[in-house]
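In: dropping the sequence and predicted coords here.
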Amino acid sequence: AVLFAAAAPPWGIGVLLLVAWVPLLLGAGRAASWKSAALVGAVFGAVYYAMWFRWMIRLPLIAYFGACFAGAVYGAYFTAAVWHARRLPIWARAAAAALVWILPALIADNPIRPFLGSVVLLTGMHGPLPLPLLQLAHPFGESGLVFCLVLFNALLWQALEDRARARVCLTSAFLLLAAGWGWGAAQVRALDAASPPARSFRLACAQHDLPFPWAWRAAHQEEIFKTYEAMALEAAGRGADMVLFPQYHIPEDIERNPGRWGMVARKAKTYIVLGTYTPVVPHAYGKEARVTGLVFSPEGKIIGTHAALHPSPIGRSMVVAGTEANPIAIPGLGQVALLNCFDDVTSRPTRLFSRAGADVIFSIANDGLFKGTIQPDIHMFMARLRAVESRKYLVRCIPNGISAVIDPVGRVRDSLPEGKGLLFAVW
């Protein structure tokens with residue numbers, strides 16, 4: 001549990017994920033019974049998630065304890081299954097351990113009827129891996145990347161458990177690591193060597209640093225609008241063709257009454273992207289509330305919307321998920337995928353947008369409630385995974401940070417960690 005916690009922010013020693021599963025596997029394999037193994041896993045899960053999910057203390061405590069309980073159940077399930085696999089051949093045992101770890105995420109992300117995508121948060125992919133290993137997320141996805149990590153750990157575990165085959169297991173483990181590292185490094189070099197397309201479209205990410213509490217937003221409606229207007233005009237004055245604002249619960253039904261927000265786009269003569277809840281009051285005028293991204297043209301008209309496919313499971317109640325992932329065409333930029341809220345935490349929304357022909361990804365979320373905790377750093381890493389999986393540039397805009405421009409190999413090209421400011425990128 002300590003190794004996993006040290007791999008995650010704020011320490012971020014991602015290479016520890018190469019050995020973090022070994023103590024847990026040893027405990028499970030040496031337990032006297034499956035019940036003892038399950039107890040080992042439950043203690044691990046509860047302790048690790050108590051440390052990792054500590055940012056959830058800002059929510060009602062039931063949410064935090066629920067996350068710890070989920071971790072305990074996940075750990076118990078894993079170690080009990082590993083114990084039952086103890087009689088399998090050595091290679092099958094290692095592969096079974098890796099498969100069992102990611103199986104809940106695979107089931108939740110099934111192509112027929114996906115559900116509870118947030119279960120991917122339990123798989124332990126919370127630390128910044130070395131860039132070459134991160135590339136494994138492109139062909140295999142986040143779950144496949146975790147499978148490879150657990151398989152490497154399982155081979156080390158078998159080397160410690162079976163001294164007679166230790167050399168074979170260690171050789172296999174490091175061949176696996178070398179193959180993954182070598183392939184990933186070659187991918188990075190190839191993408192870096194590719195001729196970049198001619199760029200002329202200038203995008204500004206507007207990190208406005210407005211307070212999170214709903215009571216503040218309700219009492220400062222005009223201040224919110226004026227902040228958006230001022231930042232849009234400033235960005236336009238600095239040559240922006242588009243201004244990207246974050247997800248923020250603006251206390252207006254913008255989709256139904258876009259008037260003055262469209263006026264901002266007309267004054268700035270730029271495209272404007274923003275995220276909010278529509279409608280503000282669930283079921284107002286017969287419409288269910290959704291986390292919605294809206295795109296305004298320079299003429300002030302709404303030319304595209306996207307309802308989050310994965311609204312935050314810990315956010316506002318009575319919000320329903322969207323069902324479609326249709327890119328929005330922007331002349332000079334291409335087909336834009338708009339990821340709202342938790343859409344960049346799981347692979348599915350990015351995958352659907354990629355299949356629909358998206359050229360670039362905009363991620364707009366609101367981590368303001370957790371400002372000053374490790375959650376913004378974890379969310380940032382999840383966004384890096386989405387860029388690698390899709391092999392597309394990803395621009396994320398967050399009200400209080402971390403806003404960033406991430407390239408297709410998962411490198412952060414530029415960022416605004418905290419405070420108010422504009423972040424520019426050119427396509």
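Out: Perfect, thanks for sending it.
In: how much space between residue 115 and residue 321?
Out: Per Cβ to Cβ, to the nearest Å, residue 115 is found 10 Å from residue 321. C-beta here means a position set from N, CA and C on the backbone, and glycine is covered the same way.
In: pick out whichever of the two has more residues nearby.
Out: Neighbours were counted for residue 115 and for residue 321 using other Cβ atoms under 10 Å; residue 321 has more, 16 against 10.
In: could you report the pLDDT at the more buried one?
Out: In this prediction, residue 321 carries a pLDDT score of 77.
In: how about residue 403?
Out: Confidence score, pLDDT, at residue 403: 95.
In: ok, residue 378 next?
Out: pLDDT, residue 378: 90.
In: what sits closest to it if chain neighbours are left out?
Out: residue 126 (5.5 Å; Cβ to Cβ, 6 or more residues apart in numbering).
In: ok, back up a step: hey, what's in contact with both of residue 115 and residue 321?
Out: Applying Cβ atoms under 8 Å, 6 or more residues apart in numbering, one finds that no residue jointly contacts residue 115 and residue 321.
In: how about the contacts made by residue 227?
Out: Residues near residue 227 by Cβ under 8 Å, 6+ apart: 208, 210.
In: after the helix or strand encompassing it, which helix or strand is next?
Out: Residue 227 is located in helix 221-237, with elements delineated by DSSP states H and E. Per DSSP H and E, helix 221-237 leads on to strand 242-247 as the next helix or strand towards the C-terminus.
In: what comes into contact with the next helix or strand after that following strand?
Out: Where DSSP H and E defines the elements, the next helix or strand beyond strand 242-247 is helix 259-268. With contacts defined as Cβ under 8 Å, 6+ apart, helix 259-268 is touched by 225, 228-229, 232-233, 235-236, 240, 243, 252, 254, 271-272, 274, 296-302.
In: out of the residues you listed, which are buried?
Out: Using 16 or more other Cβ atoms under 10 Å as the burial test, the contacts of helix 259-268 include 225, 228-229, 232-233, 235-236, 240, 243, 252, 254, 271-272, 274, 296-298, 300, 302 as buried.
In: show me what the strand or helix carrying residue 385 packs onto, helices and strands only.
Out: Secondary structure assigned from DSSP H and E places residue 385 in helix 375-390. Judged by 3 or more Cβ pairs under 8 Å, 6 or more residues apart in numbering; DSSP states H and E, the packing partners of helix 375-390 are helix 131-134, helix 137-161, helix 347-355, strand 360-364, strand 394-397, strand 403-406.
In: direction included, what does the helix or strand following the last one pair up with?
Out: In this case it means strand 403-406. Once strand 403-406 ends, the next helix or strand along the chain (criterion: DSSP H and E) is strand 412-416. Strand pairing for strand 412-416, determined by DSSP bridges: strand 403-406 (antiparallel).
In: quick one on the thing from earlier: could I get the helices and strands packed on helix 375-390 in a markdown table, plus columns for mean neighbour count and distance to residue 49?
Out: Formatted as a markdown table, the helices and strands packed on helix 375-390 follow (neighbours: other Cβ atoms under 10 Å; distance: least, Cβ to Cβ, whole Å):
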| stretch | mean neighbour count | distance to residue 49 |
| --- | --- | --- |
| helix 131-134 | 20 | 23 |
| helix 137-161 | 22 | 16 |
| helix 347-355 | 21 | 21 |
| strand 360-364 | 28 | 25 |
| strand 394-397 | 28 | 25 |
| strand 403-406 | 24 | 26 |
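In: can you redo these as TSV with distance to residue 216?
Out: Below are the helices and strands packed on helix 375-390 laid out as TSV (distance: least, Cβ to Cβ, whole Å):
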stretch	distance to residue 216
helix 131-134	38
helix 137-161	35
helix 347-355	29
strand 360-364	20
strand 394-397	20
strand 403-406	21
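In: out of the ones you listed, the one nearest residue 181 is which?
Out: Between residue 181 and these, the shortest gap by Cβ to Cβ is with helix 131-134, which sits at 4.7 Å.
In: how about low-confidence regions in the stretch 301-427 of the chain?
Out: Across the stretch 301-427 of the chain, the ranges flagged by pLDDT under 70 are 313-318.
In: secondary structure class for the residue lying closest to residue 85 once chain neighbours are set aside?
Out: Spatially, and ignoring its direct neighbours in sequence, residue 85 is nearest to residue 96 (4.4 Å; Cβ to Cβ, 6+ apart). Classification of residue 96 using DSSP: H, G, I helix; E, B strand; the rest coil returns helix.
In: list the contacts of residue 96.
Out: 81, 82, 85, 88.
In: quick one: it and residue 29, what's the gap?
Out: Here residue 96 is placed at a distance of 12 Å from residue 29 (Cβ to Cβ).
In: contacts only, for the residue lying closest to residue 18 once chain neighbours are set aside.
Out: Nearest non-adjacent residue to residue 18, counting by Cβ to Cβ, 6+ apart: residue 152, 6.2 Å away. Applying Cβ under 8 Å, 6+ apart to residue 152 gives the contacts 18, 173, 176, 177.
In: ok, residue 152 to residue 415 distance?
Out: Applying Cβ to Cβ, the value for residue 152 to residue 415 is 30 Å.
In: can you tell me how far residue 407 sits from residue 392?
Out: Distance from residue 407 to residue 392, by Cβ to Cβ: 9 Å.
In: which neighbours do those two share?
Out: Listed as contacting both residue 407 and residue 392 by Cβ under 8 Å, 6+ apart is no residue at all.
In: helices and strands around the longest helix anywhere in the chain, which ones?
Out: Assignment by DSSP state H gives helix 166-193 as the longest helix of the chain. For helix 166-193, the elements it packs on are helix 131-134, helix 137-161, judged by 3+ Cβ pairs under 8 Å, 6+ apart.
In: which other residues reach the helix or strand of the chain with the lowest mean pLDDT?
Out: Least confident helix or strand of the chain, by mean pLDDT, DSSP states H and E, is helix 214-219 with a mean of 86. Residues outside helix 214-219 that contact it (Cβ under 8 Å, 6+ apart): 210, 211, 224, 248, 249, 250, 251.
In: the first one should be in a strand, yeah?
Out: No. Under three-state DSSP, residue 210 falls outside any strand and is assigned coil.
In: right, I'll call it a day here.
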